[in-house]
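1. Sequence unavailable; structure follows:
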C-alpha cells in the first residue's frame, strides 16, 4: 500500500488568492431610506414608479456586494422593466385571463370549460420556463463585476422542453423525479451562464441528493415539516459545490438550522412591522447568502474578455406576473 | 490634488491601479504602466458611491463602459466644483446628513398618502370604474355565483307565496325603477338570518330572515336595502377596491412571498370590512329614501333592526351574529334610520292589509 503525498499546489505568484469571499456591506437602515421613498412615489404614481424603485433597490444591493475588493453593479433601468411588464401582461397575461374568464362569461358547457382549463394549465407550464429563462437572461445581462457583464445564452425553447418533460415526469412518478428535475433545471441555468466570455459549469448528477429527498419525505410528519429546511440547505450545498468557473469551484457551508433561523427571523421582522421591516429582512438574506458561499481556486481572470449580449425585460416582467421577486437565499 | 483608485478598461477584468487628477476640462487618469487617459466631464457618469461605505464609481462609454473606482468620496466634492455645470450628475456627500430627516419625512408622507388612497381615492376610483363594467358581465358573474351558492333543492318554490314577495318588491321599486337591472328574489331554506344581493340583480333571502319579520313593511325595508346594493353596484365596486388595495399593500411591503404574503392578506381583509360598512350605510340611506318615495311605512324597516338587536341579546342565534358582523351595529343603525325617516311626507298606506303575514313564512314548507 502506497501513501500518496499531498503536494501543495504551485500557483504562479501573480495569480489572485485562492480563497474568494463574497462580502455584503449593505445596511437595513440605508435600504429602508430607499424603500420608503419608493413606497411614497409608487403610491403617488399609482404603481408606475414601482419599476424605478425596483431598479434602485437592486443597484443598492449589488453595489453593496463585494468580491476580491470590487463591487458588483446593476445596470437595469425602471423604464425597460415597466415596458417588459406591460409587454408580458399583453402578450401572456391577457390570453391567460381570457382562458380563465371567457367560459364563465359565455355560459359555456362543461366540455368547453374543461378544455379551457387544460389549455390554461398547459400555457402556464410553458410560460413559467419562458419567464425563468427570460428573467435570468435579463438579470445577468444587467449585472457586472470589474466592468465585465454577465450573460445567459441558453435557448428558451430548449428549457421549455426540459421543464415541461420534467414537470410531467415529476407528476407521473408522484414526485420521485423532483430532485432530478431541479438538478436538470439548475444545470441548464448554470451551464449557459457566462462572465464575459468565460462560462460557468455544473458537474452534479441527477440523482445527487435523491436519498436526502426520500429522507425528507419520510421525516416530514415526525418533524412537522422542519426537515425541509435541512433538505433545502443540503440542496443548496449540492448545487454550489458542483458549480465551477474556469480555475475555481464554489463552496457552500449553509445548514438547515441557519436557514431556519434566517427564515423565521425574516417572517417575524416583516409580519410584526406590517411589511415595513422588509429592508432589514432583505439585507439579512443578502448577508446570509454571501456569508455561506465562497469560491476556491485560482480565478482565471486574465483570459476573461468582455462579451455583452442583448436581452429585453419581458421575461423579467413575466416572472413578476407569476411569482414574487427572486429569493436571494 | 490627486486621488488613487482602480481603472478598468471595460474589455478585460484586469484592474489597474490608477492616479486621478482633475483638470479644467476633465479627469486625467494615469495607470501604473504610465498610460494617461483623459475623460471630458461631459462624458462621465457616477453609478455608485452615494451610500456610506460604497466606493465611488465613475463610468464612461456605452454598455462595455470604462470605469474608475475610488474609495475617497472627497473626489465627488472636487468634481462638483471643477465641473459646476454638471454638478447635478455627481452625488454631494454632504447631503448624506439629510438622509435621516428625509427618510422620516418620506415615511410620514407615505403613511399619509396610503391613508388618503384608502379613505378617498380608491373608493372614488372604484365608484367611477364600476359604471364602466357592462351590466351583462355583472349578470353573468352574479348568475354563476347564484348557481353555485343556491342549490336548486334548497330554493323555496311555492308560487303563491313567491308572488306575495314579488308584489312587495314591485311596490318598493315602483317609483324609482330598477335601471338596466331585472331583479329576482329567491328564498332559500336556511335558519340563518341573512339576505344578500348578487351583482346583476339576484337577491337571496334566507328563511331565517323571513321568520323574524312581522309585517310586509319589514320585508319591504330589507328588500329596499338589498335592491340598493344591486343598483349601486356595490359588489362590483368591492371587487375593484379589493384589487386596488392588493396593489397598495404590495407597494408598501415590497416583494414578499409565502407566509408573509398570507399575513398581509389579513390586513387587507380588515381594510375590506371598512369598505363594506360604508356600502351598508349607503344601502340603508338610499333604501330608506326608496321606501319613502314609494309611500311605504318606514317604521317596519326600523323595527326589523330593533328586533335584530334584541335577538342578539336574548337568543343565541349564530345566524344573527353573522348578519351583524358585516352590517352596521344595531343601535347606531336604528338611530340613523329614524333620522332619515323623519322626512316622510304623507301618511303611508299599509301594504297588503288583507293578507295574514304569517302565511308567507310557510314558503319553504310546501314542496
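-> Structure's in. What do you need? Here the structure is a predicted model, which is why all the values come from computation and not from measurement.
2. which residues does residue B:48 form a beta bridge with?
-> Note on residue B:48: beta-bridge partners by DSSP bridges are residue B:57.
3. I'd guessed it sits against residue B:67; true?
-> No. Checked against CB atoms under 8 Å, the pair residue B:48 and residue B:67 is beyond contact range at 9.3 Å. Yep, even glycine has a C-beta here, placed from its N, CA and C like the rest.
4. what do those two both touch?
-> residue B:57 (CB atoms under 8 Å, 6 or more residues apart in numbering or on different chains).
5. Could you report the pLDDT at residue 318?
-> Defaulting to chain A. Residue A:318 carries a pLDDT value of 77.
6. My question was about chain B, not that one.
-> 47.
7. try residue B:272
-> 73.
8. right, and the helix or strand after the one helix or strand residue A:211 maps to?
-> Assessed by DSSP states H and E, residue A:211 sits inside helix A:210-219. Sequence order places helix A:227-241 as the next helix or strand after helix A:210-219, per DSSP H and E.
9. Going along the chain, name the helices of chain A.
-> For chain A, the helices defined by DSSP state H cover A:28-44, A:50-63, A:78-88, A:94-105, A:110-141, A:156-172, A:178-191, A:210-219, A:227-241, A:256-271, A:278-291, A:314-322.
10. Sorry, wrong one. I was asking about chain B.
-> So, for chain B - with DSSP H - the helices run B:74-82, B:99-116, B:122-130, B:135-149, B:159-173, B:207-211, B:216-231, B:234-253, B:258-293, B:299-314, B:318-326, B:330-341.
11. quick one: which of those helices is nearest residue A:215?
-> helix B:258-293 (23.1 Å; CB to CB).
12. Where does the prediction get shaky in the chain?
-> You didn't pick a chain, so chain A it is. Within chain A, the segments meeting pLDDT under 70 span A:1-17, A:104-108, A:321-329.
13. Sorry, I should have been clearer: chain B.
-> B:253-264, B:266-267, B:270-271, B:311-330, B:343-347, B:366-367.
14. And the residue of chain A closest to chain B?
-> residue A:275 (3.1 Å; CB to the nearest CB).
15. quick one: that residue and residue B:252 touch, right?
-> Yes. At 5.3 Å, residue A:275 counts as touching residue B:252 under the criterion of CB under 8 Å.
16. related to what we said a few turns ago, which of the helices of chain B is buried the deepest?
-> Counting by mean count of other CB atoms under 10 Å in any protein chain shown, helix B:216-231 has the highest mean neighbour count of the helices of chain B, with a mean of 25.
17. Show me what that helix is packed against.
-> Packing partners of helix B:216-231 (3 or more CB pairs under 8 Å, 6 or more residues apart in numbering or on different chains; DSSP states H and E): helix B:159-173, strand B:195-197, strand B:202-206, helix B:258-293, helix B:299-314.
18. again, only this time at 6 Å
-> helix B:159-173, strand B:195-197, helix B:258-293, helix B:299-314 (3 or more CB pairs under 6 Å, 6 or more residues apart in numbering or on different chains; DSSP states H and E).
19. Can you check which of the helices of chain A gets nearest to residue B:231?
-> helix A:94-105 (21.7 Å).
20. Residues touching the closest one, excluding its own?
-> A:112, A:113, A:116, A:119, A:120, B:140, B:144 (CB atoms under 6 Å, 6 or more residues apart in numbering or on different chains).
21. Could you rerun that using 7 Å?
-> A:112, A:113, A:116, A:119, A:120, A:123, B:137, B:140, B:144 (CB atoms under 7 Å, 6 or more residues apart in numbering or on different chains).
22. Now that helix: buried residues?
-> In terms of neighbour count (16 or more other CB atoms under 10 Å in any protein chain shown), helix A:94-105 has its buried residues at A:96, A:99, A:103.
23. Let me see the contact set for the residue nearest to residue B:92 when sequence neighbours are not counted.
-> The shortest distance from residue B:92 to any non-neighbouring residue, by CB to CB, 6 or more residues apart in numbering or on different chains, is to residue B:80 (6.4 Å). Contacts for residue B:80 (CB under 7 Å, 6+ apart) come out as B:87, B:90, B:92.
24. The last one: neighbour count?
-> Translated: residue B:92. Using other CB atoms under 10 Å in any protein chain shown, residue B:92 has 14 neighbouring residues.
25. Repeat that for the one 5 residues further on.
-> Applying the criterion other CB under 10 Å, we find 9 residues in the vicinity of residue B:97.
26. where's it relative to chain A, distance?
-> Distance from residue B:97 to chain A, counting by CB to the nearest CB, to the nearest Å: 13 Å.
27. got it, and residue B:73?
-> With CB to the nearest CB as the criterion, residue B:73 and chain A are 14 Å apart.
28. Can you tell me, leaving aside adjacent residues, what's nearest to that residue?
-> Using CB to CB, 6+ apart, the closest residue to residue B:73 is residue B:93 (4.6 Å).
29. Now render the buried residues of helix A:94-105 as a markdown table, adding distance to residue A:285.
-> Listed next are these as a markdown table, based on distance: CB to CB, whole Å:
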| residue | distance to residue A:285 |
| --- | --- |
| A:96 | 30 |
| A:99 | 35 |
| A:103 | 41 |
